[in-house]
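Participant: Structure for this input, please:
(one chain, ligands or ions: 1)
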Amino acid sequence: MLKIGPYEFSSRLLLGTGKYPDFETQKEAVNVSETEILTFSVRRMNIFKPDQPNFLEKIDVEKYSLLPNTAGAKTADEAVRTAKLAKASGLCDMIKVEVIGDEKTLLPDPVETLKASEELLNEGFIVLPYTSDDVMLASRLEELGCHAIMPGASPIGSGQGIINPLNLSFIIEKANVPVIVDAGIGSPKDAAMAMELGADGVLLNTAVSGAEHPVKMARAMKLAIEAGRLGYEAGRIPRKRYATASSPTEGMSIG
Ligand SMILES: CC(=O)[C@@H](O)[C@H](O)COP(=O)(O)O
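Facilitator: Next comes the predicted model:
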């Protein structure tokens, strides 16, 4: 089970809802992924304008836990304002804090992320900050009381996969709250790798919405995350420099 604050989930896949070719594909991909948590940008939702297009209009939102994100925020103040807007709509009490520090790389601003997370925790939100793969920053966010830490695998939408598995494994080893690898996942292999490293979950969007066949990819991601988790729990063999025969001949009468 994935436990985030007071909530428990069987699925360890958190899925983004943007950039699908059409609403039907989005709906089917969400369904096939068996995700229980959907994330979306508050700024793109028109939450107080029911007559405007809504990014989740084909989806039965009652069936999911919603994780609005503060995408578009460049300062802590903007992120806090966006989060409060989401909460005021009555949609949820979880928030993905996303404060972008650089337009080209879309990497998070660590100082503003810390500030926004602290304020939102004080406001009673369940806070999941998107952060870089910096080990100490992840620790600081946990110390503040964040309910999960979401380090990036690589830049958002880049599909580059896990650039720094060592840092991610240090974050995972140190954390006492769930670590959800967020952003940059390109293929099922990357998602499985995150889980094999011991991550508690994976948040992804572009790898599914931008795939040639988003619905197939949604299923592939679900299976990869399950396989990666199972592999992690099973405990892999140690890596060795030299070979060890798989069928030992020692003690056998025919050599
Ligand atoms: C939807 C969302 O929250 C994104 O900002 C997230 O970080 C996913 O990134 P990818 O699109 O790289 O999976």
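Participant: A71 and K174, how far apart?
Facilitator: Applying C-beta to C-beta, to the nearest Å, the value for A71 to K174 is 27 Å. From N, CA and C alone the C-beta is placed, and that goes for glycine too.
Participant: Which one's more surrounded, those two?
Facilitator: Legend: neighbour count by other C-beta atoms under 10 Å for A71 and K174, higher for A71 (22 against 14).
Participant: tell me which element the more buried one falls in.
Facilitator: Using DSSP states H and E, no element contains A71; it sits outside every helix and strand.
Participant: Not counting sequence-adjacent ones, nearest residue to it?
Facilitator: Once flanking residues are discounted, A71 sits nearest to S41: 4.1 Å by C-beta to C-beta, 6 or more residues apart in numbering.
Participant: How about S158?
Facilitator: G184 (5.2 Å).
Participant: hang on, the residue nearest to A71 packs against A73?
Facilitator: No - using C-beta atoms under 8 Å, S41 is not in contact with A73, being 10.0 Å away.
Participant: More neighbours: which of the two?
Facilitator: For S41 and A73, the more surrounded residue by other C-beta under 10 Å is A73, and the numbers stand at 25 against 20.
Participant: Can you tell me the closest non-neighbouring residue to the more buried one?
Facilitator: Looking at A73 with C-beta to C-beta, 6+ apart, the closest residue is A79, at 3.9 Å.
Participant: So what's the residue count around that neighbour?
Facilitator: Residues within reach of A79, counting by other C-beta under 10 Å, total 31.
Participant: Pull the contacting residues for it.
Facilitator: Counting by C-beta atoms under 8 Å, 6 or more residues apart in numbering, A79 makes contact with T70, A73, V97, E98, V99, E112, A116, L120.
Participant: rerun at 6 Å
Facilitator: T70, A73, V97, V99, A116 (C-beta atoms under 6 Å, 6 or more residues apart in numbering).
Participant: same check, this time on V179
Facilitator: I149, I171, I172, A199, D200.
Participant: ok, 8 Å please
Facilitator: Counted by C-beta under 8 Å, 6+ apart, V179 has contacts A138, A148, I149, M150, P151, L168, I171, I172, G198, A199, D200, G201.
Participant: now do S187
Facilitator: By C-beta under 8 Å, 6+ apart, the contact list for S187 reads G159, G161, A207.
Participant: K115 now?
Facilitator: The contact partners of K115, taken as C-beta under 8 Å, 6+ apart, are A76.
Participant: so which helix or strand takes in it?
Facilitator: Per DSSP H and E: K115 is located in helix 110-122.
Participant: So which bits of the stretch 51-200 of the chain are right by the ligand?
Facilitator: Within the stretch 51-200 of the chain, the residues that sit near the ligand (C-beta under 6 Å from any ligand atom) are N69, A71, Y130, I156, G157, D182, A183, G184, I185.
Participant: Could you pick out which of those residues are located in strands?
Facilitator: N69, Y130, D182 (DSSP state E).
Participant: Need the three-state assignment for the residue nearest to the first one when sequence neighbours are not counted.
Facilitator: In other words, N69. Ranked by C-beta to C-beta, 6+ apart and with sequence neighbours excluded, the top spatial neighbour of N69 is K96, at 3.8 Å. When classified by DSSP: H, G, I helix; E, B strand; the rest coil, K96 comes out as strand.
Participant: Tell me how far K96 lies from L203.
Facilitator: Counting by C-beta to C-beta, the gap from K96 to L203 is 8 Å.
Participant: Can you work out which residues contact both of those two?
Facilitator: Residues touching both K96 and L203 by C-beta under 8 Å, 6+ apart: T39, M150, D182.
Participant: what's around the first one, how many residues?
Facilitator: Pointing back at T39 there. Neighbours around T39, by other C-beta under 10 Å: 26.
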